[in-house]
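Chemist: Give the three-dimensional model of this entry:
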Amino acid sequence: MDVHWRKSAELERLPAGKGRLGPEEAAFLAERDSFFLASFGEGWPYAKHQGGGKGFLAVIDDRTIAFPDPRGTRLKDDWVILILVDYQWRQCLRILGHARTHIASAGRIVVVHIDAVDWNCILPRFTVADMQAALPSIEQVASR
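Modeler: Numbers count the residues shown, from 1 in each chain. I've put the predicted structure just below:
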């Protein structure tokens, strides 16, 4: 399945500036110690959790980021999506771009050329026990 035609058409409709990191995005990236990486190719998606210490995701410039890849990310396609989440402040930054793996003297490095950047909020996660504790029981509602 070739998904490139859809991505190209959607990218052309993005407002100006949506494909660049600004100061807010750069600061957000500097605070992350992990993210989710997804790509698609050969008919099957690939997803991975990537982690490191704060600052392991480096901002090279407003269109390029890089991160060390000691275990070897198996990208099936150069199109990638990075999903960076701040659970405490319920923010999510999504980055769409093209990734290339480079072998350097210090090891493997993945470099991502950014095509689109998008902020989103996330909802808090509640367990069944959280919901049961927060909601009145059926007996309490019936007795009102």
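
Chemist: what kind of secondary structure is Gln140 in?
Modeler: Three-state call for Gln140 (DSSP: H, G, I helix; E, B strand; the rest coil): helix.

Chemist: Run a quick neighbour tally on it.
Modeler: 9 (other Cβ atoms under 10 Å). For every residue, glycine as well, the C-beta is placed using N, CA and C.

Chemist: can you check Gly55 too?
Modeler: 12.

Chemist: and it, what is it in contact with?
Modeler: Ala30 (Cβ atoms under 8 Å, 6 or more residues apart in numbering).

Chemist: For it, give me the pLDDT.
Modeler: Looking at Gly55, its pLDDT stands at 90.

Chemist: can you tell me the helix or strand for it?
Modeler: Secondary structure assignment for Gly55, by DSSP states H and E: no helix or strand.

Chemist: repeat for Leu21
Modeler: Using DSSP H and E, no helix or strand contains Leu21.
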